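3D, please:
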Amino acid sequence: MMVRNVVMVMLFVTVIAPIILYTDRLGSFQVSSSSSGDDFVEDVTAVAANAHTGRLNLLPQESSTTLKEPVGVVYSDNSTNSYPETKGSSAHLNHSHKDGPSVDSMEHVSARVLSTTNDQNLSQTDNPIRQVTQTLEQGNQFMSDLDAKGGGASEQNIDNASQTTEIKNERQSTQTSSRVDQRKPKKTMTEKQNDETAVPNVRVRYLKDQLIRAKVYLSLPATRNNPHFTRELRLRIKEVQKALWEATKDSDLPRNAYDKLKAMEQTLTKGKQIQDDCAAMVKKLRAMLHSMEEQLRVHRKQTLFLTQLTAKTLPKGLHCLPLRLTTEYYTLNSSQQIFPNQEKLEDPLLYHYALFSDNVLAAAVVVNSTVTHAKDPANHVFHIVTDRLNYAAMRMWFLVNPPGKATIQVQNIEEFTWLNSSYSPVLKQLGSASMIDYYFRTHRANSDSNLKFRNPKYLSILNHLRFYLPEVFPKLNKVLFLDDDVVVQKDLTGLWALDLKGNVNGAVETCGESFHRFDRYLNFSNPLISKNFDARACGWAYGMNIFDLEEWKKQNITEVYHRWQELNHDRQLWKLGTLPPGLITFWKRTYPLDRSWHVLGLGYNPSVNQKEIDRAAVIHYNGNMKPWLEIGIPKYRNYWVKYIDYDHMYMRECNINP
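Presented below is the predicted three-dimensional model:
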């Protein structure tokens, strides 16, 4: 009997009493609402009854009817929202979530929460354990997504996996940052769309990165002491190089590229385990960086040289065209070689253009584009001056392709008897032994490093003829000068009506960028330059210039040009070209035109503002990338080619295509 009583007492103490105490505690917990807000919850399993069933981020979601295992949470001692309460309290808690928790409460909760909650947003930010593990998960996310697809997965599926990973990571980082600091402004829709944009061609980038890592491992002592790993690594490098080949995007890769990527990753993992000398790896990476910088410098220099060489070279079609035209010209009789309307050539009331060129096709585009946009083509007169080699071809082209009602004159510069070395200092200098030596001594160590100064145009008197306009057109009052690498997009007659306010030259200024100021073109270390000119003065553009020939004669501009050319006989004031002497000659004699008249850069700058191009009266292909060369910038080429008839007989015979 004594034993039975002892057993009953022990049973009551160990089983029945805890049950009574537990149910009593549960009842009091459920009854209390706001009054028990400061009490600490000891039994966390009781929370599951009121927990809401939000989706977990990483675990597979069960059906809504399945009973969930309660999730344990350690709540704050002092926060009134630290645990779920009755229905009324739950509504208050949800409302507080919508409005956003305060900074203090969020910091306190994030410091106390030790396990995952069911709330999707809080699960990303309030769990420090997950924050640590996510760093590792994201590092291997790309490989795990590929593994999920399998080795034979299609390229589209792999791309989608990588894009999904990028989007998920961006969303997680956005949610974390927004909850850590509620004071930061919310992102706009554009920023969110940019954040969710996947990195393009992720596999090509990853393969290239693997090659760099493999080459680093291959050069380290620990790898060289392991012949088996060295052979394996060399094999993987060859496989990846073969897979990449000339691929620039993921779609260019072969179907087995994923297998090569995965095999290389496994080999690199072995290499990481073998290496124990971080200093050696850092040293090797620095050496590789220095080597790549040196190779980049060499390639840039080679690119510059080849670009300059291409700019100097005449394409085969443009060499064929003048030969074909010259042959046809000399088959004509003398009466067929005369242009109509020659009586208009010296009429000062008409609109006169000066064009000095040895490029038949380029001159044709300038004339055609100007006439196309002229309101009254019959009042426009084009004066073309070329060299002896292209004189017959130039005349033949415009005899066969007359510019509508406009008037054409083609002259040979060799017929200007007044243009000789005794009158023109530049002509004397161009034929001097020192100039020839300077131009052709590219093989010498002391030659000028800037290859642009060795362009043949600087040795052509056609390029300097712009300083002799009153001599070329003695009976004209105003002349619009055009380069042969421009395209006219609007009627230009308004330029003749401009009041230049006593200036000789009307031009568009180019000082929007620092390299278009005087110190870019002139040697300000020379006292002759520094005393007479301002280094920060704004430059202006040749290519479309309205010249007042009457003021030119009054101010004796040609004599000013001659004087400075003689002072520059040793090229100490400037190198070569016509813009530096033009800046000097027309110093304080240039009237600035509105920028819409003349837009430059289409021969070297692929980022010219499209709106400026569309509203420009003249667009200029200044630079080496001329539209008639293969190196021309493709997106600007259509502005030029639309003024050429590629179905013309001579164009087809010389195989000139757009």
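
following the helix or strand hosting Arg520, which helix or strand comes up?
Here Arg520 sits within helix 518-521, counting by DSSP states H and E. Later in the chain than helix 518-521, the nearest helix or strand by DSSP H and E is helix 527-532.

Sheet-wise, list the partners of the following helix or strand past that following helix with their directions.
Downstream of helix 527-532, the first helix or strand assigned by DSSP H and E is strand 544-548. Sheet pairing here is set by DSSP bridges, and for strand 544-548 it gives strand 478-482 (antiparallel), strand 505-507 (antiparallel).

Tell me which of those sits nearest to Arg466.
Closest approach to Arg466 among the strands paired with strand 544-548 (Cβ to Cβ): strand 478-482, 6.0 Å. C-betas here are computed from N, CA, C, even on glycine.

Show residues contacting that closest one.
348, 351-355, 366, 370, 383, 466, 469, 473, 488, 492, 495-496, 542-549, 618 (Cβ atoms under 8 Å, 6 or more residues apart in numbering).

same check, this time on stretch 573-591
448, 450, 453, 458, 463-464, 466-467, 498, 500-501, 503-507, 518, 521-523, 526, 528-529, 532-533, 537, 539-540, 542, 555, 557, 560-561, 564-565, 567-568.

Please repeat the previous calculation with a cut-off of 7 Å.
453, 458, 463-464, 466-467, 500-501, 503-507, 518, 521-523, 526, 528-529, 533, 539-540, 542, 555, 557, 560-561, 564-565, 567-568 (Cβ atoms under 7 Å, 6 or more residues apart in numbering).

what's the answer for stretch 627-634, then?
Contacting residues not belonging to stretch 627-634 are listed as 307, 310, 315, 318, 361-362, 602, 606, 621, 624-626, 636-637, 640 [Cβ under 7 Å, 6+ apart].

how is this protein carved up into domains?
Domain assignment of the chain by the TED database yields the ranges 202-276, 316-419+456-654.

Give me whichever of those domains is most buried.
A comparison of the domains of the chain by mean neighbour count, using mean count of other Cβ atoms under 10 Å, puts domain 316-419+456-654 on top with a mean of 17.

Tyr217 is nearest to which of the strands paired with strand 544-548?
Taking the strands paired with strand 544-548 one by one with Cβ to Cβ, strand 505-507 is closest: 60.3 Å.

what mean pLDDT does the closest one have?
Strand 505-507 carries an average pLDDT of 97.

ditto for stretch 411-428
90.

start to end distance for that stretch?
22 Å (Cα to Cα, to the nearest Å).

Pull the number of nearby residues for Leu289.
Neighbour count for Leu289, taken as other Cβ atoms under 10 Å: 10.

Could you report the separation of it from Cys278?
From Leu289 across to Cys278, the span is 16 Å (Cβ to Cβ, to the nearest Å).

next one: Asn532
For Asn532, the distance to Cys278 - Cβ to Cβ - is 61 Å.

Likewise for Met8?
Distance, Met8 to Cys278, by Cβ to Cβ: 71 Å.

residues contacting Tyr639?
Tyr639 neighbours (Cβ under 7 Å, 6+ apart): Val487, Ile619.

so it sits in a helix?
Yes: counting by DSSP: H, G, I helix; E, B strand; the rest coil, Tyr639 is located in a helix.

tell me the pLDDT at it?
At Tyr639, pLDDT is 96.

what do you get for Ala433?
Value for Ala433, per-residue pLDDT: 73.

so what's Pro348 closest to, chain neighbours aside?
Asn477 (4.7 Å; Cβ to Cβ, 6 or more residues apart in numbering).

Please report the distance of Val365 from Asn359.
The value you get for Val365 to Asn359, if Cβ to Cβ is used, is 9 Å.

same deal with Glu246?
36 Å.

average pLDDT across the longest helix along the chain?
Counting residues, the longest helix found in the chain (DSSP state H) is helix 278-312. Mean pLDDT, computed over helix 278-312, is 80.

Could you list the low-pLDDT ranges of this structure?
Within the chain, the ranges that satisfy pLDDT under 70 run 1, 13, 15, 17-199, 311, 435-436, 438-459, 512-515.

So which residues of it form strands?
Remark: strands assigned in the chain by DSSP state E are 351-356, 380-386, 407-412, 478-482, 486-488, 505-507, 544-548, 590-592, 598-599, 618-620.

got those strands as CSV, with distance to Ile338 columns?
Listed next are the strands of the chain as CSV, based on distance: least, Cβ to Cβ, whole Å:
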stretch, distance to Ile338
strand 351-356, 20
strand 380-386, 15
strand 407-412, 11
strand 478-482, 23
strand 486-488, 27
strand 505-507, 34
strand 544-548, 28
strand 590-592, 38
strand 598-599, 34
strand 618-620, 31
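
right, so of those strands, which gets closest to Met651?
Closest among the strands of the chain, using Cβ to Cβ: strand 486-488, at 18.1 Å.

So which residues make contact with the closest one?
By Cβ under 7 Å, 6+ apart, strand 486-488 touches 365-366, 369-370, 373, 543-544, 617-620, 639-640, 643.

Please name the spatially closest residue to Tyr604 (chain neighbours excluded).
Nearest one to Tyr604, counting by Cβ to Cβ, 6+ apart, is Gly623 at 3.0 Å.
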